[in-house]
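Peer 1: starting from these lines, generate the structure:
(one chain, ligands or ions: 1)
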Amino acid sequence: MHRTETHICELSFCAKPCEFTTICHKHVDELQDELTEFSTDEKLRLFAIARGEEKPADQTPRSGSKGQAVDVLSLPTWTLAMNIHHHWPHAMPYLAQEPKAAKHYWIISNGIQEARQKINGLYPDHQDPEYQDAILQVRYPRKAGDLIEHMWDHYRIRISHSQLRKWTQRGKLQPIEVEGSNHHLYNPKQVLELM
Ligand SMILES: [Zn+2]
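Peer 2: Next comes the predicted model:
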């Protein structure tokens, strides 16, 4: 980073001057609002899903009986529920100035979407074609040029060939080996995780 340049917001869809923090406060405020929108009932439902007492996305009619409870804890869902309920709201006051604020922004933002989907059933049982397609797209290996276009079209994230090369040289990004291809291939998920 050049010291003479004004620091810009490290969220690439924003990239506006942002001198005193890593990312603008307004992005944190937006996350905070989304976290506040989870009602107590919704959070309890998420914990219940994690405990296997309720199925995500209303796959089955709810009988209200506890006799069906399955004694399986989904650790990722439990962690997500704890994050939504406790850890992330408490992290908000410090997020904007954290060195890794941009990365954490995406983790929290994705976590909120995931929790919403589990609670509200936007994608019942994950068989929804749109959801399946999204999962496929985000993991699909692409050549550098395709990836750069895709990141802009789908995420409004601008990356360049030289940025990709730098990440690869520094070992931050591992090209995906695909049999029969001698191109360097990457998928969008890898890039999102670097943001
Ligand atoms: Zn910003």
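Peer 1: tell me where this protein has strands.
Peer 2: 142-143, 185-186 (DSSP state E).
Peer 1: packing partners of the longest helix seen in the chain?
Peer 2: Using DSSP state H, we find that the single longest helix of the chain is helix 101-120. Counting contacts by 3 or more CB pairs under 8 Å, 6 or more residues apart in numbering; DSSP states H and E, helix 101-120 is packed against helix 25-36, helix 40-50, helix 75-82, helix 88-95, helix 188-194. C-betas here are computed from N, CA, C, even on glycine.
Peer 1: can you list the domains in the chain?
Peer 2: As assigned by automatic domain parsing, the chain contains the domains 1-58+70-127, 141-195.
Peer 1: go through those domains and name the closest to the ion.
Peer 2: domain 1-58+70-127 (2.9 Å; CB to the ion).
Peer 1: now do the residue nearest the centre of the chain, the pLDDT please.
Peer 2: Geometric centre of the chain, nearest residue: Asn110, 2.7 Å, by CA atoms, centre = their mean. pLDDT for Asn110: 93.
Peer 1: just checking, Lys143 touches Val178?
Peer 2: No: in this structure, Lys143 is not within contact of Val178 by CB atoms under 8 Å, at 10.2 Å.
Peer 1: need the overlap of contacts for those two.
Peer 2: Counting by CB atoms under 8 Å, 6 or more residues apart in numbering, the shared contacts of Lys143 and Val178 are Leu185.
Peer 1: possible to save the domains of the chain as JSON lines with distance to the ion?
Peer 2: Shown next, in JSON lines, are these (distance: least, CB to the ion, whole Å):
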{"stretch": "domain 1-58+70-127", "distance to the ion": "3"}
{"stretch": "domain 141-195", "distance to the ion": "12"}
